[in-house]
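Student: let's see this in three dimensions:
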Amino acid sequence: MSIERSKIRWNGWGWAAHKDTLAARDDLWTWLAEELGMPSLLATPAREIADIVLPAQCLHADTRAGLVAMLGPDRVRDDVYERAFHALGRSYHDLLRQRSGDLPVAPDAVLYPRGTDEVLALLAFAAEHDIAVVPYGGGTSVVGGVSAVSGSFHSVVTLDLSGMDRLIEVDAASRTATAEAGIYGPALEKALQAKGVTLGHHPQSFEFSTLGGWIAHRGAGQGSSRYGRAEDWLVGAKLATPRGLLETGGFPASAAGPQLNDIVPGSEGVFGIITEATFRVHAAPAANDYRGYLFRDFAGGAAAIRAAVQEDLPATMLRLSDAEETRFFRAYGALDNKPGASHRIETLYLQMRGFDEKPAALIAGFEGEAGTVEAGRRRFAAIAAAHGALPLGLRQGRRWQEGRFHGPYLRDPMMDRGVGVDTLETAASWSKLDTLYGAVRTALDKAMRETAPMPGAHGIVLCHISHSYPDGASLYFTYIFPRALGGEIAQWQAIKAAASDAIMANGGTISHHHGVGEDHLPWMAQEKGALGIEVLRAIKRTLDPKGILNPGKLIPQELPRP
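Tutor: Got it, this is the predicted structure:
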């Protein structure tokens, strides 16, 4: 396996050996309490795995013996750690349940196949014995995409694909590569770059997510403006289903009817399990340039991004924080670095340049050949200047690159102190983006105030434009709030519903790159329409007649068993 499961936290983010360097920072927690309108923060540690309660196992002994006969005893696991680790994903909702130690679902067994043929055999066995099957890559879903739900079936198993982690081939002439779906991001990039190429797909979950997971949830990396989203770089896939193997794609382009490859990205393990994928790669970049800009406001920065993408500027990333996100992280940085007078001097300088208290920070990134990178950088600098931006130089770009995967590590220390933190994202056309932004901010702020644990307490809403296109952009929201201890799940559900309703009412998609899972399922019919849902059900019915694959995700109203 590429990463031993025991080395990863089962009820949090990242390595089990990761140390909480913020634990002793009383100044930081005092500041955060003030930001949330709380007199102080409460200690809310997670329970140890020895104290958790798991559902009773429902896998019959003879059925388990059949699985052992297929895989061997080492690849059929049902100890407490394996079941707890694979019970849920890594959303805020998931972590609330994991940390409480009372898990409502867990697989009866975790299976570790090592190839497409074994996955096909396991699916045939599961269909014959009426066992639900949940595919599992890195388990980093933040929308309830890997919850071990049995649906209408008596038992459920999780197929952990981490043992399927080979780079199979690099076709240098065609600039494509083929790999097994369970390969983790760092291992894939290391293997590709040894061949002089890169996929360039770097989501924030990069360290702990897999190729198959990126495709299954229709993911987008931080540099997707250059390297593409999953549906852009996917050439073809092997999709194991209870009916057999579906092989898709394989052509640079085809007019032979609707392309079956298109049903794979975003399928979330509901139609089949991705076992291998062929994808487009790029020459490893010879140069890169990431630097910061400060705009007078969020609208000015958004206008600069729109101008850049609509003239096809070859940017890798244009990431714009709104005023509150800019303020919050400047304040956090000032507290963390304790710059004293230098921070006051910086503030005075910005005021002298005509910047008020609501500037918006942007990171612009360019990768590729040196000449292309330099030309792109210069052109965006001119666009930024035309929109009144102040250049901040390379330092901010380097800081972002150094910390690009660190954000999720902050969530666990916050949850240890009674603070909730969650994210959601959406996308809309440029003409609707400002209205959508305001509506979601307002909905989140109102819901967090209404569900706060005491009068005067409130949440914080941060937002940035994460991905941009000629016709629109993605808005990525982070919301931080004091938890209503004892009613945290109801509190989260109220906040999530308010924001999601605002998204749907103001022209946004329910998800730009996180996927649907369980959490966004209530809004799928509204986005796709009744006929669209019927099309998805028809595909499901054809590939998975009994409905054993990943019950309760993506498609409303689980298919009845025949």
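Student: which residues in the stretch 251-400 of the chain form helices?
Tutor: 298-310, 323-337, 341-352, 370-386, 394-402 (DSSP state H, counting those that start in this stretch).
Student: of all those helices, which lies closest to S429?
Tutor: Closest approach to S429 among these is made by helix 298-310 (10.7 Å; C-beta to C-beta). Yep, even glycine has a C-beta here, placed from its N, CA and C like the rest.
Student: who touches the closest one?
Tutor: 225, 293, 295, 315, 318, 320, 322-323, 358, 360, 362, 379-380, 383-384, 386-389, 430, 433-434, 437, 465, 468-470, 473 (C-beta atoms under 8 Å, 6 or more residues apart in numbering).
Student: how far off centre is it?
Tutor: The gap between the average C-alpha position of helix 298-310 and the chain average comes to 25 Å, counting by C-alpha atoms, centre = their mean, to the nearest Å.
Student: stretch 302-311 now?
Tutor: Mean C-alpha position of stretch 302-311 versus that of the full chain (C-alpha atoms, centre = their mean) differs by 25 Å.
Student: now the contacts of helix 298-310: which count as buried?
Tutor: When burial is judged by neighbour count using 16 or more other C-beta atoms under 10 Å, the buried members of those are 225, 293, 295, 315, 318, 320, 322-323, 360, 362, 379-380, 383-384, 387-389, 430, 433, 437, 465, 468-469, 473.
Student: point to the helix or strand of this protein where mean pLDDT is at its lowest.
Tutor: Lowest mean confidence among the helices and strands of the chain (mean pLDDT, DSSP states H and E): helix 341-352, at a mean of 56.
Student: tell me the pLDDT at R353?
Tutor: At R353, the predicted lDDT confidence score is 69.
Student: so D412: helix, strand or coil?
Tutor: Reducing the assignment to helix, strand or coil with DSSP: H, G, I helix; E, B strand; the rest coil, the entry for D412 is helix.
Student: check contacts around the residue lying closest to it once chain neighbours are set aside.
Tutor: In space, not counting the residues next to it along the chain, D412 is nearest to G12; the distance is 4.3 Å by C-beta to C-beta, 6 or more residues apart in numbering. Contacts for G12 were tallied using C-beta under 8 Å, 6+ apart; they are 46, 90, 95, 98-99, 411-412.
Student: of those residues, just say which sits nearest to A177.
Tutor: Here the nearest of those to A177, counting by C-beta to C-beta, is R90; it sits at 27.3 Å.
Student: phi first, then psi, for the closest one.
Tutor: Comment: the main-chain dihedrals of R90 come out as phi -130, psi 30, following degrees, to the nearest 10.
Student: contacting residues for it?
Tutor: For R90, the contacting residues are 12-13, 139-142, 408, taking C-beta under 8 Å, 6+ apart as the criterion.
Student: how about JSON lines for these, with secondary structure, distance to F206 and pLDDT added?
Tutor: JSON lines is the format used below for these (DSSP: H, G, I helix; E, B strand; the rest coil; distance: C-beta to C-beta, whole Å; pLDDT from 0 to 100):
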{"residue": "G12", "secondary structure": "coil", "distance to F206": "17", "pLDDT": "96"}
{"residue": "W13", "secondary structure": "coil", "distance to F206": "13", "pLDDT": "96"}
{"residue": "G139", "secondary structure": "coil", "distance to F206": "14", "pLDDT": "98"}
{"residue": "T140", "secondary structure": "coil", "distance to F206": "9", "pLDDT": "98"}
{"residue": "S141", "secondary structure": "coil", "distance to F206": "14", "pLDDT": "98"}
{"residue": "V142", "secondary structure": "coil", "distance to F206": "14", "pLDDT": "98"}
{"residue": "P408", "secondary structure": "helix", "distance to F206": "11", "pLDDT": "93"}
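Student: closest to Y112 among these?
Tutor: Of all the contacts of R90, Y112 sits closest to G139, with 13.6 Å by C-beta to C-beta.
Student: next one: the closest one from L88, what distance?
Tutor: When distance is defined by C-beta to C-beta, to the nearest Å, G139 is 8 Å away from L88.
Student: find residues that contact each of the two.
Tutor: Overlap of the contact sets of G139 and L88 (by C-beta under 8 Å, 6+ apart) consists of V146.
Student: quick one: average pLDDT of stretch 451-463?
Tutor: Within the predicted structure, the mean pLDDT of stretch 451-463 is 98.
Student: these two touch, right, G517 and V149?
Tutor: No: at 10.5 Å, G517 does not count as touching V149 under the criterion of C-beta atoms under 8 Å.
Student: higher neighbour count, these two?
Tutor: Neighbour tally, G517 and V149, criterion other C-beta atoms under 10 Å: the higher count belongs to G517, 25 against 21.
Student: got the contact list for that one?
Tutor: For G517, the contacting residues are 89, 91, 141, 143-147, 268, 553-554, taking C-beta under 8 Å, 6+ apart as the criterion.
Student: then R291?
Tutor: Applying C-beta under 8 Å, 6+ apart to R291 gives the contacts 363-364, 377, 391-394, 396-397.
Student: surely L95 touches P408?
Tutor: No: applying C-beta under 8 Å as the test, L95 and P408 come out as separate, 10.6 Å apart.
Student: of those two, who's got more company?
Tutor: When L95 is set against P408 and neighbours are counted by other C-beta under 10 Å, the residue ahead is L95, at 23 against 19.
Student: and the pLDDT at the closest residue to S511 other than its chain neighbours?
Tutor: If the residues on either side of it in the chain are set aside, S511 comes closest to H520, at 5.6 Å by C-beta to C-beta, 6+ apart. Each residue has a pLDDT score; the one for H520 is 98.
Student: for H520, grab the count of nearby residues.
Tutor: Residue neighbour count, defined by other C-beta under 10 Å, stands at 23 for H520.
Student: can you check T21 too?
Tutor: Other residues close to T21 by other C-beta under 10 Å number 9.
Student: one step back: can you flag which of the buried ones among the contacts of helix 298-310 belong to strands?
Tutor: Among these, the members falling in strands are 293, 295, 318, 320, 360, 362, 465, 468-469, 473 (criterion: DSSP state E).
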